[in-house]
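Visitor: Compute the structure for the input listed below.
(4 chains)
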Number of protein chains: 2
Amino acid sequence: MTTGPGTVRPGGRTARVRAAVREATLAELAGRGYAGFTVEGVASRSGVHKTTLYRRWANADGLIADALDLAAGEPWPVPDTGTLDGDLHALAGLVLTGFTDPEAGPVARAFVQAAAQSPDAARALHRFFARRHEQSAAIVARAIERGEAPAGTDRAEVVRLAVAPLYYRLFVSGEPVDEAAGGASPRSMARATMAAGW
Amino acid sequence: MTTGPGTVRPGGRTARVRAAVREATLAELAGRGYAGFTVEGVASRSGVHKTTLYRRWANADGLIADALDLAAGEPWPVPDTGTLDGDLHALAGLVLTGFTDPEAGPVARAFVQAAAQSPDAARALHRFFARRHEQSAAIVARAIERGEAPAGTDRAEVVRLAVAPLYYRLFVSGEPVDEAAGGASPRSMARATMAAGW
DNA sequence: AGACTAACGCAACCGAAGTTGCGTTACGAT
DNA sequence: ATCGTAACGCAACTTCGGTTGCGTTAGTCT
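Guide: Model (predicted):
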C-alpha cells in the first residue's frame, strides 16, 4: 500500500480542504439524509472539486466515516444527577434526542446506516461507540461508589443494556419510543445487570 | 390515487411475475447484499423486464418491502424448551443465526437496512416484527402458566428486551456477540421486566 | 368465441455518479 | 529565493440506474 493523498503534506491547503469537506459532509447529511447523500453534493457545497474527494475519500461512505471520526472526538455531557436511575434516564434521553432532533437526527441516523453498508464506516462507528461506552461507564462507577450497585458490576454492560432497547425501537421494530422505553427500561436493565452477578 | 398494476387482473401472468420477482429479489439480496442490490439485477435474474418492475414496485426498496411482507407470512419455530431461560436463550440463538448465517444473513440484514432508508420498507419491517412479537409472546405466556413469571408481565416487552442487546451489537456498536449477549442477557431481561412490575 | 384492455416487453433516451489524463497551484525542503 | 512534487482543479468521457412512448401479449368479462 502506497501513501495516499493528505499524508505527506498535511498542512496548509490540505488541512483547509479537509475541514471544509467535513463541514459540508455534515451539512449534506443533515439536509438530504443518507439516502440523498452524494459525493457531488459535498463537492459543490464545500467548493472542493469532486475529483479530489474521490481521490482522498474513495467514496461517499469514506466521507461519512471521516466525519464520524471527527464526531467521536467531541466531548459529550455524561449525565450526573446523583442517582443511578436518574443518570440512566438522562442518558436514554440524550440518545433519544440525538436521533430524533430535526437537526442532529438525520446525521446520527446516517452514521448508523453508513456503518451497515461500508466496513470503513462500520469501524469508525465502532470506535465512536467504544468511546461513548468508556465515558458513560462513569455513571455506573459513581453508582458503585454510592453503594447503589455491587462492586463487580460490568460498567459498560449496564450502559449497553440501558440504551439497547431504544436502538431496537428506533432502527428495527419501529415501535414508538415512549416513557416505557426511555425510563423504566434503563432502570430495569441496571437491576438486571446487577442481578446477573456482573 | 388510481389503482396500480397488479390489482385488476391478479391471476395468471401477474401472479407468475410476482412470484418470480420475489424469488429473484431474495436471491439478489443473498448474493450481492443491500449495497449491490439493483432493480436491473432482479430484472435479468427473474426474466421480467425492468420496466415492469419499476411500474409495479416503483424502486428497489419497494421490491424489498414486498419480499419482506412475504417473509412475514412464513411460520417460524417459537422455542419451547420447558423453561423461560431456555426459551429466551433459544430465541436469542434464532435471531443471531438469522443474521449471521452465510445464506440468510445478508437477506435479513438487507431488510433492516432497507427499512432505515425507505418508509415503505420500514412499514413492512414493522409489520414483520409486530408479528414476531406476537408469536414469541407465547414463550412468556407459558412461563406465566408455569408460575415462572408474574401474571401481569408484559409478554412482548420481555421478548423485546431479550433480543434488543443482540441487535444493538449487530447493527450499532459492532461489538462481538458472544455467550454474554446471547445467554445471560435474555435471562437478565426477563428478571428485569418482572421486577419492573409489568 | 370474441372483444376489451390491463399488464407486460421492447428500444431508445436521459441524467447523474464515477473515472481518467493532464494542467495548475502551493506545501515543504534546500 | 528557488526547486521538486504532493495535492488539487478542470474538462471530457464512460457507465449505469432510471424514464418514456409505443407496440404486443394475455387475463377477464360478456
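Visitor: in the top helix by length along chain A, what's buried?
Guide: Secondary structure of chain A per DSSP state H: the longest helix is helix A:119-146. For helix A:119-146, the buried set under the neighbour-count rule, 16 or more other CB atoms under 10 Å in any protein chain shown, comprises A:120-122, A:124-126, A:128-129, A:132-133, A:136-137, A:139-140, A:142-144. Any C-beta I mention is one placed from the backbone N, CA and C, and that applies to glycine too.
Visitor: Next, the angle helix A:119-146 makes with the following helix or strand past that helix.
Guide: Using DSSP states H and E, the helix or strand that directly follows helix A:119-146 along the chain is helix A:155-167. Interaxial angle, helix A:155-167 versus helix A:119-146 (axes from the mean of the first three to the mean of the last three CA atoms, to 10 degrees): 120 degrees.
Visitor: quick check, helix A:155-167 touching chain B?
Guide: Yes. For helix A:155-167 and chain B, the contact criterion (CB under 8 Å from any CB of the partner chain) is met by A:157, A:160, A:161, A:163, A:164, A:165, A:167.
Visitor: give me the low-pLDDT residue ranges for chain A?
Guide: A:1-2, A:179-198 (pLDDT under 70).
Visitor: Contacts only, for residue A:156.
Guide: Counting by CB atoms under 8 Å, 6 or more residues apart in numbering or on different chains, residue A:156 touches A:133, A:134, A:136, A:137.
Visitor: Can you tell me the closest non-neighbouring residue to the third one?
Guide: So that's residue A:136. residue A:159 (4.4 Å; CB to CB, 6 or more residues apart in numbering or on different chains).
Visitor: Going along the chain, name the strands of chain A.
Guide: Applying DSSP state E to chain A gives no strands.
Visitor: Spell out the residue ranges of the helices in it.
Guide: A:13-32, A:39-46, A:50-57, A:60-73, A:84-100, A:104-117, A:119-146, A:155-167, A:179, A:185-195.
Visitor: Contacts for stretch A:99-106 next, please.
Guide: A:29, A:30, A:31, A:33, A:34, A:97, A:98, A:108, A:109, A:170, A:177.
Visitor: between the residues you listed, which has the most around it?
Guide: residue A:29 (26 neighbours; other CB atoms under 10 Å in any protein chain shown).
Visitor: My guess is that residue contacts residue A:108. True?
Guide: No. With contact defined as CB atoms under 8 Å, residue A:29 does not count as touching residue A:108 (9.1 Å).
Visitor: Next one: the residue in chain A positioned nearest to DNA strand C from DNA strand D, what distance?
Guide: Proximity to DNA strand C, evaluated over chain A using CB to the nearest atom of the strand, is greatest for residue A:12 at 2.5 Å. According to CB to the nearest atom of the strand, to the nearest Å, residue A:12 and DNA strand D sit 9 Å apart.
Visitor: How about residue A:15?
Guide: Distance from residue A:15 to DNA strand D, by CB to the nearest atom of the strand: 8 Å.
Visitor: likewise residue A:107?
Guide: 23 Å.
Visitor: In contact with that residue, which residues?
Guide: So residue A:107 contacts A:26, A:29, A:30 (CB under 8 Å, 6+ apart).
Visitor: same question, residue A:142
Guide: Remark: with contacts taken as CB under 8 Å, 6+ apart, residue A:142 is in contact with A:80, A:84, A:87.
Visitor: And residue A:48, by the same measure?
Guide: Applying CB under 8 Å, 6+ apart, the residues near residue A:48 are A:17, A:20, A:21, A:24, A:42.
Visitor: same thing with residue A:65?
Guide: A:114, A:118, A:120, A:121, A:123, A:124.
Visitor: With distance to residue A:49 as extra columns, can I get the residues you listed in JSON lines?
Guide: Output for the contacts of residue A:65, formatted as JSON lines (distance: CB to CB, whole Å):
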{"residue": "A:114", "distance to residue A:49": "23"}
{"residue": "A:118", "distance to residue A:49": "23"}
{"residue": "A:120", "distance to residue A:49": "22"}
{"residue": "A:121", "distance to residue A:49": "23"}
{"residue": "A:123", "distance to residue A:49": "27"}
{"residue": "A:124", "distance to residue A:49": "24"}
